[in-house]
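**Q** Whatever this is, show me its structure:
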Amino acid sequence: MRILFVTGGSPATAYALTPLATSARNAGHEVLVASNKETMEAIAGAGLPGVCVSDVPIRHLITTDRAGDPVPKSDDPDEQMRSIGHAFGRMAALYQEPLHELALSWRPDVVVGGTLTYSAAVLAARIGVPYVRQSWDSGEPQVVDVAAEIEMRPELDALGLGGIPDSTLWIDVCPPSVRDPEAPQGTGMLWVPCNLQPQLEPWMYTKGSAPRVAITAGTKTAPGYFFDYLVQLVHKLRPLDAELLVSAPPAVAGELSEATGTKVGWLPFDTVARSCDLLVHHAGGGTALTGMVYGIPQLLVPNMPKLVAPSERLAAYGAARSILPGDDTPDAVATAAEDLLTKETYRERARSLAAEANAMPAPAEVLNLIEKLV
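**A** Predicted structure coming up:
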């Protein structure tokens, strides 16, 4: 069977689909991963064959409309979430014809798309094959799908489609206890943390007597984008009597080291996180899910409106604390981190959530369901 995986938006979106794509390849199926240029390194690093269908990064699509004009900035959280849908709708429009050309020559039997890769749904409908949608985080707001459909109206109308086609199979990697109650019901799948791998050093998988705290703002950190956020977060955590590990993309690690006075580097997070006592981050989906499956308490400081609701669900479960922008004073961040490190109840709830997450079907089991679609 030939399975075409479609993703894009950041390296994290490629990491999310890697376990299922790898399981399919290990089972003897032919696999291709179509994405944009900014994720090609992540796909190749996973040992998967990648096809670039767009050179345009998602950041450009967020800030620039189809006419090439700047997208007006808004302080309204609902408008900011809608803007994400429009950006991924523009990404789908760019992907559409290159993907169709790829499909005509390679002829997949199934198309698997990440949460917001709407082009996967359209392609599957065009060529008449099953479409599988896999979540890549704890849940995207429904308004994002609505905005993407509005953005894609010209392409959908041209193909005679009334809307973005529904999936044949929906795969959800978020543990049931912290899922969005309004999200569609799907098939659960274990989240398997993946990322680009450096050569491991002993300190990455062992630790000393001090508590270990990992800090990150995700794979897209760059000057003008989450950079200042990460610098401020590190400074707010300095009062902790703990070992601070700061992870950021290699391109900005040196600059961040200078700005924070702390060594910053690209951490093999799937390995390093296992030795950590606390994760402090921007509430990114992949980082949060990694903390869930490893049973690690988390301090979430969501830096995008769409990340607030998943953060609040995780905090309500008792495995995390969430601090909203504006409330993230140095004292609030340091106090919350200290509580998470010292109060057993957070560790107990984190372990409880990990047990639930690890009881979900492995990617190889979910692959069996995909095989039955053809």
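**Q** Could you count how many residues lie near residue 259?
**A** Number of residues near residue 259 (other C-beta atoms under 10 Å) recorded here: 17. (Glycine included, C-beta is placed from N, CA and C.)
**Q** Can you list the helices and strands that the strand or helix carrying it packs against?
**A** Counting by DSSP states H and E, the element that carries residue 259 is helix 250-260. With contacts taken as 3 or more C-beta pairs under 8 Å, 6 or more residues apart in numbering; DSSP states H and E, helix 250-260 sits against helix 227-237, strand 264-265.
**Q** Look up phi and psi at residue 163.
**A** Its backbone dihedrals place residue 163 at phi -170, psi -180, with angles given as degrees, to the nearest 10.
**Q** So it sits against residue 157, correct?
**A** No: using C-beta atoms under 8 Å, residue 163 makes no contact with residue 157, being 10.5 Å away.
**Q** Any chance you could list what contacts the helix holding residue 259?
**A** Outside helix 250-260, the residues that touch it by C-beta atoms under 8 Å, 6 or more residues apart in numbering are 221-223, 227, 230-231, 234-235, 246, 248, 263-266.
**Q** Over to stretch 355-365?
**A** Residues contacting stretch 355-365 (C-beta under 8 Å, 6+ apart): 19-20, 22-23, 26-27, 173, 175-177, 187-192, 289, 292-293, 295.
**Q** ok, which stretches of the stretch 251-374 of the chain are strands?
**A** Along the stretch 251-374 of the chain, the segments classed as strands by DSSP state E, counting those that start in this stretch run 264-265, 278-281, 298-300, 320-322.
**Q** Out of the helices and strands packed on helix 250-260, which one sits most buried?
**A** When you average the neighbours per residue for each of those (mean count of other C-beta atoms under 10 Å), strand 264-265 leads with a mean of 22.
**Q** by contact count, what packs against that one?
**A** Packed against strand 264-265 by the contact rule (3+ C-beta pairs under 8 Å, 6+ apart) you find strand 243-247, helix 250-260.
**Q** So in that sheet, which strands flank it, and in what orientation?
**A** strand 243-247 (parallel) (DSSP bridges).
**Q** Which positions in the strand it pairs with come out as buried?
**A** Along strand 243-247, these residues count as buried under the neighbour rule (16 or more other C-beta atoms under 10 Å): 243-247.
**Q** Would you mind putting these into CSV with pLDDT alongside?
**A** Output for the buried residues of strand 243-247, formatted as CSV (pLDDT from 0 to 100):
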residue, pLDDT
243, 94
244, 95
245, 94
246, 94
247, 93
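**Q** Nearest to residue 347 among those?
**A** Checking these against residue 347 by C-beta to C-beta gives residue 243 as the nearest, at 17.6 Å.
**Q** does the closest one really touch residue 215, like I thought?
**A** No: in this structure residue 243 lies outside contact range of residue 215 using C-beta under 8 Å: 10.9 Å.
**Q** show me where the stretch 151-300 of the chain has helices.
**A** 153-158, 202-205, 227-237, 250-260, 269-272, 285-294 (DSSP state H, counting those that start in this stretch).
**Q** and among those helices, the most buried is which?
**A** Ranked by mean neighbours (mean count of other C-beta under 10 Å), the helices of the stretch 151-300 of the chain are led by helix 285-294, with a mean of 25.
**Q** strands paired with the helix or strand containing residue 33, and their directions?
**A** Here residue 33 is covered by strand 30-36, with elements defined by DSSP H and E. Taking DSSP bridges as the criterion, strand 30-36 forms sheet pairs with strand 2-6 (parallel), strand 50-54 (parallel).
**Q** hmm, back to that, so which of the contacts of stretch 355-365 are in strands?
**A** When DSSP state E is applied, the contacts of stretch 355-365 are split such that 187-188 fall in strands.
**Q** Quick one, which of the contacts of stretch 355-365 are buried?
**A** The neighbour-count test (16+ other C-beta under 10 Å) applied to those identifies 19-20, 22-23, 173, 175, 177, 187-192, 289, 292-293, 295 as buried.
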